[in-house]
Each structure stands twice: as C-alpha cells, then as structure tokens.
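Asks: Here's my sequence, what's the structure:
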Amino acid sequence: MSVPTEPIGSIPRPAALLEAMTAHAAGHLPKDRLLAAEDAALRDTIARFEETDSPVITDGEQTKPSFATYPLVGLRNLAPDGVSIPFADGHARQLPKLTGGPFRYGQHALSYLVAAKRYTKRPLKQAVISASALSLLCPQNGLSGYSREVFLDDLIEEARRDIHECLEEGASYVQIDFTEGRLALKLDPSGGLLNSFIELNNRVLDGFSPTERQRIGVHTCPGGDRDSTHSADIDYLALLPLLFRLNVGRFYIQLASERDRRRVLRVIQEQLKPGVFVFFGVTDPINPTIETSEQVRDRILEAAEFIPTESLGTTDDCGFSPFADDTSTSRDTAFAKIRSRVEGTRLAAEALQAKSQRASSAGT
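Replies: Okay, here's the model as predicted:
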C-alpha cells in the first residue's frame, strides 16, 4: 500500500537570487546575470527536492515574482493601486488593477515547467493561479470600452491555456492556487463572492475532459506570507462544501495548522465524491518547528479514520514562500519539513498496510 505525497509549490529563494532580483529591478544588474542567478537557484532547488526522495517535485517557483502575479509580468495596461489583501500581522499585499483591455497573460506557467524539465527526470507538478484571483484585477462595472463580461471571457481563455499547455508539456499534475477561497468569505460573508469564484473557475474547467480533470487539482489555505495568514479566522466549514463543487480530481487542503482537524475531516468525509483524491496538509510552513516523521505519520493515520485510503494523499499546508521576497522561512527548514512529510507518509503507508493485513487475517 502506498500513499501519494506532493508539495504545494514554492520554496524560499536563496539570498543570491533575491539580491540579483533587487539589483536588476533597480537597474544595477544586467538581465543575463539575473538569468544566471535564476538558473543556479532552479538547479539547486531541484537537486535538493530530489534529495528528499519526494516522488513528485516542483521548480520551487524560484523565478516567479509571486504565485499570483506571474501572468502580469511585462504587462503595461496595469496600475499599482488594486485590491489590497490585509494579513493578520498588519502587513498587506496589493494587487495591481487593469486599466484597459484586452487582458492577456504576459507570462504563462509553461515557461517554468520547460525550464525545470531540463534538470530532472522526476514527475513535475506545475502550479497556476486561479481565474478567480485574477478576476480581482478588473472592477465589477468593467472599464471604459471593455466590459467585465468580455474581460472574464478573455480571462477564462488565458487560464485554460495556462493549464492546457502544462498538461500537454507533460506536467504530471497541474495545481490551481485558490487561496482566495476562504478570503472571499471574509470579504463577503453572504457567500456571494465565493459562489461567483466557484462558478468562474468551473467555467475554466469546463474546457477539459474528465480524464484531464483527474490531473488537475485545487489548493486551498488561509494564505501564508511572512508567517501570517489573511483568513484563518474564517470558519473552514463555511468554505468546504462549496470548494468540493469545483470540477477537479484532486484537492490540496491545508489541515496541519487547523486547531480542530477532526472537525474538518468529518466535513470532508461528508463532501468527498468517489474517484477524488484529497491531499491533506501534514506540515505547517508558518510554524518554524520541524515536524518529526512520526508526527506526520500520526496525522495521516488520523485522517485515514475519516477518508478511504484509496482517496488519501499528503502535502504541505501551503507553499513555503508564495511571494519572492518572503524570507520568514529558510530553505533548510523548508526542505527538512518536506523530508519529514515524505518519510512520515512512508511510515503511515506501512502502518495502514499492516492494519489492512491484520483485518484480512481476522476475516479469514
């Protein structure tokens, strides 16, 4: 018996890369030297991922400015004063806003996947940003000469392309980052905004076959930046029933940092459809304490009380550095947590196998 395990995505960037990014942005470093720093970080990240024995790896999002804004690289029809997302510790992240149409991605996720494939033969997972997150770029009443309806049509086409290209290039799985799901309930407790997000993302997913959707997943968490969150105060149970309306074959669900995991697991048990995988967070990137493999094992065995083992997988609660400048977690800590996840998942699989064999023997 095996239990699949996958990372969420981002790994803290090395100091040399962060310094190069800052210097290039200030006009003090030529592009070729920035590219060299990016390449070195990518190679080191993939090598360290492989050392953890993780069966599925990512590029660590080393060259993304953030998990959310990579499609905006190079775009000129943006202004800086878009939606602001406040975090519990008082800091905020601000999205840009669209100033005119049409909306097109300046960068697609395919470029990150192609770069990573040069350095590994391991199965690669590619994270993409959700259409619902990018929908926040455009005002509800649209722009002069560019209605919101046309914007959403353009956005859906770009989001589909982002996923399609990665699947066609051989990504083992594509993960849609949907951290704004829980946040939507904070912005609009009525649930109207969250419902609109679910509907928009399902419009994107309508462009894929059932077989393709088995390789597409959705990640949810209450945000993770500088050891803080933006929506952990929102009851998870208000999100989960709507989350499982998304037409994907895989869900990556933050759980390690939840105070009452069993309460959450009971709701997931009620919502889970046949043939769907649920990957539970068993490590908490915000907590500096490195989980032991035994702690990870025990969290998996707890989840297995509620979820059939054929639907059970493990992951990290969130990426370790969703925004490039977030240095609150070290690279060493991130990889140590990943190593514990991989080893703890192996221990749990062995324990579940032994339990199954005992039950079989007792039955005969």
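Asks: Run a quick neighbour tally on the closest residue to residue 236 other than its chain neighbours.
Replies: Excluding its sequence neighbours, the residue lying closest to residue 236 (CB to CB, 6 or more residues apart in numbering) is residue 264, at 5.5 Å. C-beta coordinates here come from the backbone N, C-alpha and C atoms, glycine included. When neighbours are counted by other CB atoms under 10 Å, residue 264 registers 20.
Asks: contact partners of the lengthiest strand in the chain?
Replies: Ordering each strand of the chain by length in residues (DSSP state E) puts strand 277-283 first. Under the criterion CB atoms under 8 Å, 6 or more residues apart in numbering, residues 4-6, 217, 221, 249-257, 268, 272, 291, 296, 299-300, 303, 307, 311-318, 337-338, 340-341, 344-345 lie in contact with strand 277-283.
Asks: Residue 223 is in contact with residue 326, correct?
Replies: No - Residue 326 sits out of contact with residue 223 when judged by CB atoms under 8 Å, with a separation of 11.4 Å.
Asks: Strands of the stretch 51-200 of the chain, start to end?
Replies: Taking DSSP state E, counting those that start in this stretch, the strands of the stretch 51-200 of the chain run over residues 78-79, 84-86, 92-94, 97-98, 125-129, 173-177.
Asks: Between those, which one is closest to residue 208.
Replies: When the strands of the stretch 51-200 of the chain are compared by CB to CB, strand 173-177 sits nearest residue 208, at 9.7 Å.
Asks: Quick check: neighbours of that closest one in the sheet, parallel or antiparallel?
Replies: strand 125-129 (parallel), strand 216-220 (parallel) (DSSP bridges).
Asks: so for the longest strand of the chain, what's the average pLDDT?
Replies: Strand 277-283 carries an average pLDDT of 98.
Asks: Just give me how far that strand sits from the chain centre.
Replies: A distance of 12 Å separates the C-alpha centroid of strand 277-283 from that of its chain, computed with CA atoms, centre = their mean, to the nearest Å.
Asks: export that strand as CSV, just CAs?
Replies: The C-alpha trace of strand 277-283 is given here as CSV (Å, rounded to 0.1, in the frame of the first residue of the first chain):
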residue,chain,number,x,y,z
PHE,A,277,-8.1,12.4,-4.2
VAL,A,278,-7.7,14.6,-1.1
PHE,A,279,-4.2,15.6,-0.2
PHE,A,280,-4.1,16.8,3.4
GLY,A,281,-1.5,19.3,4.8
VAL,A,282,0.7,17.4,7.3
THR,A,283,3.3,20.1,7.7
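Asks: Now do it against strand 216-220: the angle between them, please.
Replies: Angle, strand 277-283 to strand 216-220, by axes from the mean of the first three to the mean of the last three CA atoms, to 10 degrees: 40 degrees.
Asks: Buried ones in strand 277-283, by neighbour count?
Replies: 277, 278, 279, 280, 281, 282, 283 (16 or more other CB atoms under 10 Å).
Asks: which one of those is nearest residue 68?
Replies: Of all the buried residues of strand 277-283, residue 68 sits closest to residue 281, with 19.3 Å by CB to CB.
Asks: Please enumerate the helices of the stretch 1-150 of the chain.
Replies: For the stretch 1-150 of the chain, the helices defined by DSSP state H, counting those that start in this stretch occupy 15-25, 31-51, 110-117, 131-134, 148-169.
Asks: among the ones you listed, which is nearest residue 356?
Replies: Smallest distance to residue 356 across the helices of the stretch 1-150 of the chain (CB to CB): 30.3 Å, for helix 31-51.
Asks: what's the most buried one of the strands paired with strand 173-177?
Replies: Of the strands paired with strand 173-177, the one with the most neighbours on average (mean count of other CB atoms under 10 Å) is strand 125-129, at a mean of 26.
Asks: any low-confidence regions in this structure?
Replies: The model of the chain has pLDDT under 70 over residues 363-364.
Asks: sorry, back to before: and which of the buried residues of strand 277-283 is nearest residue 96?
Replies: Residue 96 has its nearest neighbour among the buried residues of strand 277-283 in residue 281, at 29.5 Å by CB to CB.
Asks: check contacts around residue 13.
Replies: For residue 13, the residues meeting the contact criterion (CB under 8 Å, 6+ apart) are 21, 41, 60, 62, 321, 324.
Asks: Let me know the closest of the residues you listed to residue 108.
Replies: Distance to residue 108 across those (CB to CB) is lowest for residue 62, with 16.6 Å.
Asks: In space, what's closest to that closest one - neighbours in sequence excluded?
Replies: Ranked by CB to CB, 6+ apart and with sequence neighbours excluded, the top spatial neighbour of residue 62 is residue 41, at 4.5 Å.
Asks: Check whether that neighbour really touches residue 18, as I assumed.
Replies: No - if you go by CB under 8 Å, residue 41 and residue 18 don't touch, sitting 9.2 Å apart.
Asks: Many thanks, have a good one.
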